[in-house]
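*Asks:* Output the structure for:
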Amino acid sequence: MEHPESVDLVTTLARARTLEDPGPDTPAGPAVRAWPGPPSSLPEPDPGELDLRALLGLSLAASDGSGRLRPAPSAGALHPVDAQLVVGTGCALPPGRYGYDPLRHRVHRLGREPDGTLPGATVELSVTARRTVSHYGHRAWPLMLLDTGHVVGALWLAARALGTGASRPRLDGLTEEPLATVHVAPAEGARPDSGAELLARRSAPPPLRGTPPSDVLRALLATAAQASAGELGWCAAVGGPEPELVELAPDGTLRRLAAGEARPTLAVWGAGQPWIADAGAVLLAYGCPSDADAPRIRRAHLRAGFAVHLAHLAAVRHGLAARPVGSWQQADLGAALGAPPGRDWIVHGLALGTTHSDEEKTS
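*Replies:* Model prediction:
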């Protein structure tokens with residue numbers, strides 16, 4: 001397993017932003033981390049206990065043996081994110097540290113819980129780089145950070161659906177191992193819902209056509225901006241009869257950032273995916289300047305993944321088709337708009353449409 005501390009993120013991100021080809025695929029290795037010890041089932045909780053079985057089932061568990069049908073999207077459906085659980089009191093599972101197997105929906109006890117463990121459970125997220133590197137090569141690390149942010153979003157939404165106590169994500173980028181954590185407190189007595197919409201979320205297959213209404217774009221931009229906690233800027237490239245880039249004004253209305261058609265350029269920047277040029281709109285997260293250090297790189301990408309995950313579900317609730325776009329090359333949005341180069345790179349995107357193909361594909 002390759003940990004982030006062995007990677008120079010500054011150099012790696014600069015290379016990922018170039019047009020260099022990732023090269024041929026290599027073996028991805030096992031779909032899950034090989035945790036030591038025998039597996040255990042996640043028990044049924046008593047009233048007032050945190051239901052870890054449901055929490056992980058709505059956020060990390062695979063729906064089939066291939067591992068592709070997990071509620072959190074992943075670049076290339078490679079799912080590099082691994083989860084360890086630090087379990088305290090208030091859970092059906094006895095306190096301790098556990099490794100989670102998303103294919104079998106089982107846990108492996110790794111040891112006792114640390115001193116000072118909070119009630120409920122903290123999910124610690126790391127990555128097995130080989131899975132994503134196998135297809136994306138040198139472009140893999142920003143994608144894995146985005147994937148981790150999406151998993152944080154999936155856990156946060158699952159906790160809300162289950163009516164748990166406060167769920168606190170840590171996305172500060174200050175640690176290399178784990179990359180991010182989510183603490184979920186025991187239940188507070190709120191009636192949970194089934195979480196069906198979380199399990200039903202899928203990245204819509206192209207084409208995604210039809211310009212979303214302005215009020216929906218406003219809502220999605222607001223959702224993303226709030227989730228990114230000031231770490232990133234947000235705008236949307238809109239199609240229609242008068243294509244433009246729009247952003248949220250301080251009063252919550254949409255204002256024009258730039259006139260003209262941006263989507264063909266985004267299709268080139270977005271790993272040369274031509275369907276992006278026909279998307280009804282593309283939500284864009286930008287920032288993470290060229291001189292960003294490793295903690296800021298981690299923070300920007302983790303926050304972008306988290307924000308796009310929440311915006312994706314919000315888009316689905318508004319009846320839109322949506323698909324995250326994580327790989328960007330030479331995507332210096334600020335320079336394209338006349339600002340100094342190297343300051344406002346596109347970090348993540350969410351393509352949107354009001355109609356899409358009936359063919360069902362999974363992420």
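*Asks:* My understanding was that residue 25 contacts residue 135; is that so?
*Replies:* Yes - with contact defined as Cβ atoms under 8 Å, residue 25 and residue 135 form a contacting pair (5.4 Å). C-betas here are computed from N, CA, C, even on glycine.
*Asks:* more crowded one of these two?
*Replies:* The neighbour comparison of residue 25 against residue 135 (other Cβ atoms under 10 Å) goes to residue 135, with 19 against 12.
*Asks:* Check the more buried one and give its pLDDT.
*Replies:* Per-residue pLDDT puts residue 135 at 97.
*Asks:* cool, residue 199 as well?
*Replies:* Residue 199 is given a pLDDT of 85.
*Asks:* Alpha carbons only: can I get the helix or strand hosting it in CSV?
*Replies:* Per DSSP states H and E: residue 199 is located in helix 196-200. Only the C-alpha atoms of helix 196-200 are listed here, as CSV (Å, rounded to 0.1, in the frame of the first residue of the first chain):
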residue,chain,number,x,y,z
ALA,A,196,-33.0,5.1,-0.6
GLU,A,197,-32.0,8.2,-2.6
LEU,A,198,-28.4,7.8,-1.5
LEU,A,199,-28.3,4.2,-2.8
ALA,A,200,-30.0,5.3,-6.0
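*Asks:* residues making contact with the helix or strand just after it?
*Replies:* Using DSSP H and E, the helix or strand that follows helix 196-200 in sequence is strand 208-209. Applying Cβ atoms under 8 Å, 6 or more residues apart in numbering, the contact partners of strand 208-209 are 275, 278-280, 321-323, 351-356.
*Asks:* List the neighbouring strands of strand 208-209 plus their orientation.
*Replies:* strand 355-356 (antiparallel) (DSSP bridges).
*Asks:* Quick check: buried residues in stretch 283-298?
*Replies:* 283-289, 292, 294, 296-298 (16 or more other Cβ atoms under 10 Å).
*Asks:* Hmm, I typed the wrong one, I wanted stretch 209-228.
*Replies:* For stretch 209-228, by 16+ other Cβ under 10 Å, it's 209-212, 216-221, 223-225, 227-228.
*Asks:* Pick the one among those closest to residue 90.
*Replies:* Proximity of those to residue 90 (Cβ to Cβ) peaks at residue 227, which lies at 26.8 Å.
*Asks:* Quick check: the closest one touching residue 304?
*Replies:* No - assessed by Cβ under 8 Å, residue 227 is found out of contact with residue 304, at 9.2 Å.
*Asks:* Would it be right to say that residue 211 lies in a helix?
*Replies:* No - going by DSSP: H, G, I helix; E, B strand; the rest coil, the assignment for residue 211 is coil, not a helix.
*Asks:* Model confidence score at it, please.
*Replies:* 96.
*Asks:* surely it meets residue 281?
*Replies:* Yes - judged on Cβ under 8 Å, residue 211 makes contact with residue 281 at a distance of 6.0 Å.
*Asks:* ok, which stretches of the stretch 151-300 of the chain are helices?
*Replies:* 196-200, 214-228, 263-269, 294-317 (DSSP state H, counting those that start in this stretch).
*Asks:* Does the shortest one pack against any helices or strands, and if so which?
*Replies:* Right, helix 196-200. When contacts are defined as 3 or more Cβ pairs under 8 Å, 6 or more residues apart in numbering; DSSP states H and E, helix 196-200 packs onto helix 140-161, helix 294-317.
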